[in-house]
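Colleague: Fold the following for me, if possible:
(2 chains)
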2 protein chains.
Amino acid sequence: MNITFAQYELVYNAFSFAIAVMGAATVFFFLSRSQVSPAYKTALTLTGIVTGVACYHYLRIFASWESAYAVTNGQLSLTGVKFNDAYRYVDWLLTVPLLLIELILVMRLTRAETIAKSTKLGLLAALMIVLGYPGEIAGDSGTRWLWWSLSMIPFTLIVVDLFVGLKSSIATQPASVRNLVSSARLVTVLSWCFYPIVFVFPMIGFTGGSATTAVQIGYTVCDIISKAIFGVLIFNIALRKSEAEHAS
Amino acid sequence: MNITFAQYELVYNAFSFAIAVMGAATVFFFLSRSQVSPAYKTALTLTGIVTGVACYHYLRIFASWESAYAVTNGQLSLTGVKFNDAYRYVDWLLTVPLLLIELILVMRLTRAETIAKSTKLGLLAALMIVLGYPGEIAGDSGTRWLWWSLSMIPFTLIVVDLFVGLKSSIATQPASVRNLVSSARLVTVLSWCFYPIVFVFPMIGFTGGSATTAVQIGYTVCDIISKAIFGVLIFNIALRKSEAEHAS
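Modeller: The predicted structure is shown next:
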């Protein structure tokens, strides 16, 4: 029991913030669907589903955090109920493949390319999450390093594919959205790189309340960037492409 | 324990009123989206999201207020659970940048200006809230003054930008909405000025039940003005501009 009351509150409020952001983003994407042309509606549906699923999981994470600690007159104590961090993996297993598919859909490649890329990146993403999970729930560093290394294989393949594989496709996008597509790809890669770093914190000596606080807030910020902010980029790409195609 | 039962009930009812207002406003803005032209739909989506997020946070604030006090036979006692005023900061961190973006979107500036202004004001607003938070949760006046002063820097920059920076843009608006845009800008600036004043109440000697009541009701009234009433102005601007552009 080494987390301070201020740290407890900060994490508590960060989770509450994430619930509000993800809920707001979901409503935004679902309403905005009507503003894009039919070719991009599925991309926006998925964007809203990703943040909606994340909203649901942050409600669960928030409740789990609340039930792990008791606050009496400003004093914090452990209730004995374990904080269930695994909700994050359940969330990622569903949302990470979907948000990669969002990006592919909004690029509007040929049907064959869309199916091939969605299947490949979606499956790699699911594999990456599944391989990370046994490490996350393991106590000892050896086991954590093993699963972390295995999970890094699909992770690296996805990042390389996004950087190299999608690069040539970006050149085929209309000029008005080329920078936005590039940003969306960059936001994905950069925000993703944070996750495996957070994962190794406990294995390289970070412990105690500050580490718990840093990990929880770190994951939360990354989720907001890679789902909600990324989604706003997807919406803008879809809107501009709809306008450009309507005008032409 | 110096709040009276009447004060407790007044705050309780004010929170309930805020839930109803914010919920009603959200439904109103979402339904009204269909009445404006495509250029203004995103502004109305954001307007509804701002009040929707506020509705959610007032539900949380209401529950937190209820759990902080026990009422037995008309007698009030503290339960030991802390009233979490920080929900306000979580709310503002999300809603304040969004409502500035609403105002910018409804003005329909050029795309470059819209992005530049939204980014600048949105980031300044987030910085203002983040800098206020450590002060709000601090007990001593010195710390509160420090963060209040830091938070006032982005606050001042936003107010100056709204007053000076948007002034020239107002001249470019259609005559039928010029006064409304001016009002929206004024409502923002005036309702905002109340927040830093409420913040300093405990540092200048206001304590006890009357101060708590004044702060909670003050913030609630300000939130209703700067989100719901402001939103009605945004809707009217969007509607009139849609009509004017349709006629021309």
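Colleague: Could you list the residues of chain A in contact with chain B?
Modeller: Counting by Cβ under 8 Å from any Cβ of the partner chain, the residues of chain A close to chain B are A:6, A:9, A:12-13, A:16-17, A:19-21, A:23-24, A:27-28, A:31-32, A:34-35, A:71-74. All C-beta spots, glycine's among them, are computed from the backbone N, C-alpha and C.
Colleague: Return the subset of those lying in helices.
Modeller: Judged by DSSP state H, the subset of the residues of chain A next to chain B located in helices is A:6, A:9, A:12-13, A:16-17, A:19-21, A:23-24, A:27-28, A:31-32.
Colleague: Mind checking which of the residues of chain A next to chain B are buried?
Modeller: Listed as buried from those are A:9, A:12-13, A:16-17, A:19-21, A:23-24, A:27-28, A:31-32, A:35, A:71; burial here means 16 or more other Cβ atoms under 10 Å in any protein chain shown.
Colleague: Lowest average confidence across helices and strands of chain A, where is it?
Modeller: helix A:167-171 (a mean of 80; mean pLDDT, DSSP states H and E).
Colleague: Remind me what that helix packs against, helices and strands.
Modeller: Helices and strands touching helix A:167-171, as assessed by 3 or more Cβ pairs under 8 Å, 6 or more residues apart in numbering or on different chains; DSSP states H and E, comprise helix A:175-200.
Colleague: what comes up buried for the helix it packs on?
Modeller: A:177, A:180-181, A:183-185, A:187-188, A:191-192, A:195-196, A:198-199.
Colleague: per-residue confidence averaged over that helix?
Modeller: Helix A:175-200 shows a mean pLDDT of 85.
Colleague: what's downstream of it, the next helix or strand?
Modeller: Counting by DSSP states H and E, the next helix or strand C-terminal to helix A:175-200 is helix A:208-223.
Colleague: coming back round to it: what's the most distant pair in the buried ones among the residues of chain A next to chain B?
Modeller: Farthest apart among those by Cβ to Cβ are A:Gln35 and A:Val71. That separation is 44.4 Å.
Colleague: the residue most distant from the middle of chain A, which is it?
Modeller: Here the centre of chain A is the reference, and by Cα atoms, centre = their mean the most remote residue is A:Asn73, at 35.9 Å.
Colleague: can you give me how far the longest helix along chain A is from the chain middle?
Modeller: As assigned by DSSP H, the longest helix anywhere in chain A is helix A:38-68. What separates the centre of helix A:38-68 from the centre of its chain is 10 Å, taken as Cα atoms, centre = their mean, to the nearest Å.
Colleague: Kindly report the same for stretch A:22-41.
Modeller: 18 Å.
Colleague: distance between the ends of it?
Modeller: By Cα to Cα, to the nearest Å, the extent of stretch A:22-41 from end to end equals 19 Å.
Colleague: Run through who's touching it.
Modeller: A:43-45, A:47-49, A:51-52, A:54-55, A:58, A:105-106, A:108, A:224, A:227-228, A:231-232, A:235, A:238-239, A:241-242, A:245-246, B:30, B:33, B:38, B:41-42, B:45-46, B:48-49, B:52-53, B:56, B:94, B:98 (Cβ atoms under 8 Å, 6 or more residues apart in numbering or on different chains).
Colleague: Repeat that for stretch A:53-71.
Modeller: A:3, A:5, A:8, A:11-12, A:15-16, A:18-19, A:22-23, A:26, A:76-79, A:81-85, A:87-88, A:90-91, A:94-95, A:98, A:220, A:223, A:227, B:81-82.
Colleague: can you check stretch A:170-187 too?
Modeller: By Cβ under 8 Å, 6+ apart, the surrounding residues in contact with stretch A:170-187 are A:103, A:106-107, A:162-163, A:166, A:225-226, A:229-230, A:233-234, A:236-237, A:240-241, A:244.
Colleague: In ChimeraX, how would I select just the buried ones from these?
Modeller: Selection of the buried residues among these in ChimeraX, burial being defined by 16+ other Cβ under 10 Å:
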select /A:103,106,107,162,166,225,226,229,230,233,234,236,237,240,241
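Colleague: Which ones among the contacts of stretch A:170-187 lie within helices?
Modeller: Under the assignment DSSP H, the contacts of stretch A:170-187 contribute A:103, A:106-107, A:230, A:233-234, A:236-237, A:240-241, A:244 to helices.
Colleague: pLDDT weak spots in chain A?
Modeller: Applying pLDDT under 70 to chain A flags residues A:1, A:248.
Colleague: wait, doesn't A:Leu131 sit right on A:Ser151?
Modeller: Yes: if you go by Cβ atoms under 8 Å, A:Leu131 and A:Ser151 touch, sitting 3.9 Å apart.
Colleague: Look at the two and report which has more neighbours.
Modeller: It is A:Ser151, of A:Leu131 and A:Ser151, that has more neighbours when counted by other Cβ atoms under 10 Å in any protein chain shown, with 23 against 19.
Colleague: how about the more buried one, secondary structure?
Modeller: Judged by DSSP: H, G, I helix; E, B strand; the rest coil, the three-state class of A:Ser151 is helix.
Colleague: so who does it touch?
Modeller: So A:Ser151 contacts A:128-129, A:131-132, A:135, A:196 (Cβ under 8 Å, 6+ apart).
Colleague: Save these as TSV, and put in secondary structure too.
Modeller: Formatted as TSV, the contacts of A:Ser151 follow (three-state DSSP):
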residue	secondary structure
A:Met128	helix
A:Ile129	helix
A:Leu131	helix
A:Gly132	helix
A:Gly135	helix
A:Pro196	helix
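Colleague: got the CA positions of stretch A:150-162 in PDB?
Modeller: Below are the C-alpha coordinates for stretch A:150-162, written out as PDB (Å, rounded to 0.1, in the frame of the first residue of the first chain):
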ATOM      1  CA  LEU A 150       6.900 -12.800 -28.600                       C
ATOM      2  CA  SER A 151       4.400 -10.000 -28.700                       C
ATOM      3  CA  MET A 152       7.000  -7.700 -30.200                       C
ATOM      4  CA  ILE A 153       7.200  -9.900 -33.400                       C
ATOM      5  CA  PRO A 154       3.700  -9.100 -34.700                       C
ATOM      6  CA  PHE A 155       4.100  -5.600 -33.300                       C
ATOM      7  CA  THR A 156       7.200  -5.000 -35.400                       C
ATOM      8  CA  LEU A 157       5.500  -6.500 -38.500                       C
ATOM      9  CA  ILE A 158       2.500  -4.200 -38.200                       C
ATOM     10  CA  VAL A 159       4.700  -1.100 -37.700                       C
ATOM     11  CA  VAL A 160       6.800  -1.900 -40.600                       C
ATOM     12  CA  ASP A 161       3.800  -2.600 -42.800                       C
ATOM     13  CA  LEU A 162       2.200   0.700 -41.800                       C
END
